[in-house]
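# Predicted model follows, preceded by the sequence.
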Amino acid sequence: MPALVNYSREPLSVELRDVKIPEISESDVLLRVGAASICGSDLHQWQGSQGWAVNYPCILGHEFAGTVAKTGKAVKRFKEGDRVVSETAAVIDESSPLSRAGLYNLDSSRRGFGYGVDGAMTEYVRVPERCLHRIPNSVPFYKAALTEPCCVAYNAVCVNGRVRPGDTVLVLGPGPIGLLCLKMAKLSGAGHVVVAGLPADQHRFEVARALGADMTLDGGVIDYVASLGDGLGVDVVIDAAGASATLQIALQAVRPAGQILKVGWGPQPLQFSLDPLVQKNVVLSGSFSHNWPIWERVISMIVSGQIDLDPVISRVCELPHWHECFEKMHVGEYVKAVLTT
């Protein structure tokens, strides 16, 4: 079967290869992939710029949905033909204290699809039963594949965040996660949401406005924030860019006793003082991944229409067109592209 394989740390070491259909254990299902969404982490691995270890060669793809094609002997909750979406934590230590507390997303032994084990940019993928959630016929696979980034945003804003009705929120970085965090902030009742990025982000700003952004900025963030309300800053800053410069902007923009939510990754050293964090008595919160109850909540929000994914999905196409999709996501022309098999 064809599969999109990341075979080396060298830049652009991704290609379509013919691979075998995986074998499954008694607690796994063999999933016939319906759709796999392209994530920024897939682009980082394509560029060789990721900050995490990859088990080369590895099939890319951790945002996916499909149909159960085969079940292991110990699988009880799913049967052949079930439509499902999968979580990303392919390998965890189920006996660890964090896993026992339901925080397996934070377990140090966690390995995900697309870097730790083979992912879903192919026809069939092996998935542990515990990763699966049912989806109704009303949700097409190409939308269901975006459940994972929605869960990342929900965990950041609605679980680790403290956005309240009427709050002013600044989102730094209009990539897919930043845009979905914007959506979660609006659903949480934020009164005024600002999305900031670069001059090259004009298309993403259009999507941000479609998702409910009250203002989009490609510069002048601190001056704009100073013009709002009492001028003390925004209630919550969501750093979805991850660069050191955006955290410094967040520290300037947040009001005293406010919160900074850091969901974006970035390997750069800070090279600036964190004293404003102390002086302003600001809460700085990291947010990573998601767990089972978040997935159930987000699926219900997609089914009900609370989360409208149409503005975020720029293209749906078959796997052989992966390179064009990677290129256009990399330059910001596409927000999200979804591959089908």
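Noted; the coordinates are in hand. Being a predicted model, the structure only gives us computed values, none of them experimental.
# Could you export stretch 1-12 as PDB, CA atoms only?
Output of stretch 1-12 as PDB, limited to C-alpha atoms (Å, rounded to 0.1, in the frame of the first residue of the first chain):
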ATOM      1  CA  MET A   1       0.000   0.000   0.000                       C
ATOM      2  CA  PRO A   2       1.200   3.600  -0.600                       C
ATOM      3  CA  ALA A   3       2.400   5.500   2.500                       C
ATOM      4  CA  LEU A   4       4.000   8.900   3.100                       C
ATOM      5  CA  VAL A   5       7.200   8.100   4.800                       C
ATOM      6  CA  ASN A   6       9.600  10.400   6.700                       C
ATOM      7  CA  TYR A   7      12.900   8.400   6.300                       C
ATOM      8  CA  SER A   8      15.600  10.800   7.600                       C
ATOM      9  CA  ARG A   9      16.300  13.900   9.600                       C
ATOM     10  CA  GLU A  10      17.700  15.500   6.500                       C
ATOM     11  CA  PRO A  11      15.400  18.300   5.100                       C
ATOM     12  CA  LEU A  12      12.800  17.100   2.600                       C
END
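# what sits against residue 111?
Residue 111 is in contact with 55, 89-92, 117, counting by Cβ atoms under 8 Å, 6 or more residues apart in numbering. For every residue, glycine as well, the C-beta is placed using N, CA and C.
# and which of those residues is nearest to residue 136?
residue 89 (23.5 Å; Cβ to Cβ).
# Could you give the number of residues near that closest one?
By other Cβ atoms under 10 Å, 25 other residues sit near residue 89.
# so how far is residue 114 from it?
From residue 89 across to residue 114, the span is 12 Å (Cβ to Cβ, to the nearest Å).
# now swap in residue 99 and tell me
For residue 99 relative to residue 114 (Cβ to Cβ), the value is 21 Å.
# Buried ones in stretch 159-166, by neighbour count?
For stretch 159-166, burial by neighbour count (16 or more other Cβ atoms under 10 Å) applies to 159-163.
# In JSON lines: the contacts of residue 111, plus pLDDT.
Formatted as JSON lines, these follow (pLDDT from 0 to 100):
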{"residue": "55", "pLDDT": "96"}
{"residue": "89", "pLDDT": "97"}
{"residue": "90", "pLDDT": "97"}
{"residue": "91", "pLDDT": "97"}
{"residue": "92", "pLDDT": "97"}
{"residue": "117", "pLDDT": "98"}
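# Stretch 64-72 - what's its average pLDDT?
Averaging pLDDT along stretch 64-72 gives 98.
# So what touches it?
24-37, 78-86, 113, 119-120, 124-125, 129, 132, 135, 141, 144-145, 147.
# Quick check: PyMOL command selecting the buried ones in those.
Applied in PyMOL, the following selects the buried portion of those according to 16+ other Cβ under 10 Å:
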select buried, resi 24+28+29+30+31+32+33+34+35+36+37+78+82+83+84+85+86+113+119+120+124+125+129+132+135+141+144+145+147
